[in-house]
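Asks: sequence plus the predicted model coming up.
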Amino acid sequence: MSTTSPEPESRTRPITGPVRTAVVGTGNIARFHTEALRGLPDRADVVAAVDIDPDTLATFRAHHAIPRGYTDLTTMLSEVRPDLVHVCTPPGAHRAQVEACLAAGASVLVEKPPALSLAEIERMAAAEGGAHGPWMATVFQHRFGSGARRVRALMDAGVLGRPLVATCHTTWFRPQEYFDVPWRGRWETEGGGPTMGHGIHQMDLLLSLLGEWTEVSAVARRQTRDVETEDLSIARVDFAGGAVASVVNSLLSPREESRIRIDFERATVELVHLYGYGDDDWTITPAPGREEEVLAAWEAGEHGVNSGHHAQIVQVLDALRKGTAPPVTSRDALDTMRLIAGVYASSFEGRPVTPADLGPGSPFHDRMSGGRSL
Ligand SMILES: NC(=O)c1ccc[n+]([C@@H]2O[C@H](COP(=O)([O-])OP(=O)(O)OC[C@H]3O[C@@H](n4cnc5c(N)ncnc54)[C@H](O)[C@@H]3O)[C@@H](O)[C@H]2O)c1
């Protein structure tokens, strides 16, 4: 009698030609996904689109020449059987749609925030198919520019030394009319304010560089906008590697900017941009006496890739075709969501919070607001 378990049956089909993709939710951000896919004809085919609004769907399909359209995701999944579904709907729809795709054997690239709560993303991760897929990747496009990859490579090579202090500021401006879209500004449908919906990109990039966080102290406030969630948050985050960061997320800042600065032992690395960066948006300032080695490594590092959907989607398609883990796994996305939950928990409870405070049993595990009102 054999003592080894049989290999689990794969729910996905081997991919030999272009990846057959479908887009769900044909609003603003779906355009970035579709244009990136259209620019990669050897790697991907956009075979179907889904939206509950038939007019939006028809306009989108006509503009992007997408052959099949559906107002119901389940019907699309059973009739088209895509390899990959791009989930571009509002955050409140993500969990059920990602689970439906995974159950149908399709991998998923889901927009940020991937879920409304830690409990939701844990459920979604549990629905993945293990080593054989299908899997779920989250859109965190700022990890994929050459600037971020160059910093990571220099860190790994020991050129920069230990990270000591960082700032991670997402100071954007959204007027009141921005919140007229029914799902925005509400805990139940957007999951939070600028911490969850906007600064999430930069916090994800910071975490991808600095690693595990150990404690957060934060204030989340509603200063001026007529919304249910915060319109501003300010946090101090400690990292296991010893660095401490100041994190600001605002939708009230007329001079808009996205900024990450990390002071390492041997250099300051700085990124200043707005919604996406190129190589020129990064600067490096070596510590006295370290100029030669730091600048030589910086010049020799990877160049030429802007951050953005295109950069991540190339890697998502390649991972599917090669059968490797997706770029930004459910575990990576859970780590970023956990810091966001920590910011809210610390603010609502008025005390420092650690990752251990946010497990099942914490009200902030099930809902970012912990069920409280601001
Ligand atoms: N990565 C980024 O830089 C970035 C930028 C903007 C928005 N986003 C994210 O993208 C997602 C969508 O944002 P948006 O600005 O495109 O929203 P949007 O409101 O412009 O578009 C959403 C579309 O989804 C459709 N829809 C709603 N519920 C649906 C359902 N159950 N099934 C099918 N279709 C449904 C709507 O009819 C609409 O056409 C959000 O999660 C948002 O946070 C990401």
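Replies: Received, thanks.
Asks: all helices for the stretch 251-374 of the chain, in order.
Replies: Assigned by DSSP state H, counting those that start in this stretch, the helices in the stretch 251-374 of the chain fall at 291-300, 309-322, 330-349, 363-366.
Asks: please identify the most buried of those.
Replies: The highest mean neighbour count among the helices of the stretch 251-374 of the chain, using mean count of other Cβ atoms under 10 Å, belongs to helix 330-349: a mean of 23. In short, each C-beta sits where N, CA and C put it, glycine included.
Asks: now that helix: mean pLDDT?
Replies: Helix 330-349 shows a mean pLDDT of 98 in the predicted model.
Asks: hmm, it touching the ligand?
Replies: No: applying Cβ under 6 Å from any ligand atom, one finds helix 330-349 separated from the ligand by no less than 12.5 Å.
Asks: in terms of secondary structure, what does that helix contact?
Replies: Contact partners of helix 330-349 among helices and strands, from 3 or more Cβ pairs under 8 Å, 6 or more residues apart in numbering; DSSP states H and E: helix 118-126, strand 136-138, helix 194-197, helix 200-210, strand 213-221, strand 232-239, helix 363-366.
Asks: with just CA atoms, put that helix into CSV.
Replies: Once side chains and other backbone atoms are set aside, the C-alpha atoms of helix 330-349 remain, and they are given as CSV (Å, rounded to 0.1, in the frame of the first residue of the first chain):
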residue,chain,number,x,y,z
SER,A,330,-2.4,36.7,-1.1
ARG,A,331,0.1,36.5,1.8
ASP,A,332,1.8,39.8,0.6
ALA,A,333,-1.6,41.5,0.3
LEU,A,334,-2.6,40.2,3.7
ASP,A,335,0.5,41.7,5.3
THR,A,336,-0.3,45.1,3.8
MET,A,337,-4.0,44.9,4.8
ARG,A,338,-2.8,44.0,8.4
LEU,A,339,-0.9,47.3,8.7
ILE,A,340,-4.0,49.2,7.5
ALA,A,341,-6.1,47.3,10.1
GLY,A,342,-3.5,48.3,12.7
VAL,A,343,-3.8,52.0,11.8
TYR,A,344,-7.5,51.9,12.3
ALA,A,345,-7.4,49.7,15.5
SER,A,346,-4.8,52.0,17.1
SER,A,347,-6.8,55.1,16.2
PHE,A,348,-10.1,53.8,17.5
GLU,A,349,-8.6,52.2,20.6
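Asks: and residue 89, how far from the ligand?
Replies: Distance, residue 89 to the ligand, by Cβ to the nearest ligand atom, to the nearest Å: 4 Å.
Asks: what's near enough to touch that residue?
Replies: Contacts were defined as Cβ atoms under 8 Å, 6 or more residues apart in numbering; by that measure residue 89 touches 24, 25, 27, 97, 111.
Asks: sec struct for it, please.
Replies: coil (DSSP: H, G, I helix; E, B strand; the rest coil).
Asks: what do you get for residue 128?
Replies: Using three-state DSSP, the structure places residue 128 in coil.
Asks: tell me, how many residues neighbour it?
Replies: Other residues within reach of residue 128 by the criterion other Cβ atoms under 10 Å amount to 21.
Asks: I'd guessed it sits against residue 331; true?
Replies: No: here residue 128 does not reach residue 331: they are 10.2 Å apart, not a contact under Cβ atoms under 8 Å.
Asks: returning to that earlier point: for residue 260, which of the helices and strands packed on helix 330-349 is the nearest?
Replies: The minimum distance between residue 260 and these falls on helix 200-210, with 5.9 Å, by Cβ to Cβ.
Asks: elements contacting the closest one?
Replies: Applying 3+ Cβ pairs under 8 Å, 6+ apart, one finds that helix 200-210 contacts helix 146-156, strand 163-173, strand 244-250, strand 252-264, helix 330-349.
Asks: wait, which of those is closest to residue 62?
Replies: Proximity to residue 62 (Cβ to Cβ) singles out strand 163-173 among the helices and strands packed on helix 200-210, at 32.2 Å.
Asks: which residues does the closest residue to residue 125 other than its chain neighbours contact?
Replies: With Cβ to Cβ, 6 or more residues apart in numbering as the criterion, residue 125 has its nearest non-adjacent residue at 3.7 Å, and that residue is residue 330. By Cβ under 8 Å, 6+ apart, residue 330 lies in contact with 114, 121, 124, 125, 128, 135, 136, 138.
Asks: residues in contact with residue 328?
Replies: The contact partners of residue 328, by Cβ under 8 Å, 6+ apart, come to 137, 138, 139, 140, 143, 312.
Asks: so the last one makes contact with residue 140?
Replies: So the one you mean is residue 312. Yes: the pair residue 312 / residue 140 is scored as a contact, 7.4 Å apart, by Cβ under 8 Å.
Asks: for this structure, which residues are neighbours of the ligand?
Replies: Counting by Cβ under 6 Å from any ligand atom, the positions of the chain adjacent to the ligand are 24-29, 50-53, 56, 88-91, 93, 111-112, 139, 141, 181, 197.
Asks: in strands only, show me those.
Replies: In strands, judged by DSSP state E, the following of the residues of the chain next to the ligand are found: 24, 50.
Asks: now restrict the residues of the chain next to the ligand to buried residues only.
Replies: The neighbour-count criterion (16 or more other Cβ atoms under 10 Å) marks 24-26, 29, 50-51, 88-91, 93, 111-112, 139, 141, 197 among these as buried.
Asks: which single one of the residues you listed is nearest to residue 105?
Replies: Looking at these and their distance to residue 105, the nearest is residue 24, at 15.6 Å (Cβ to Cβ).
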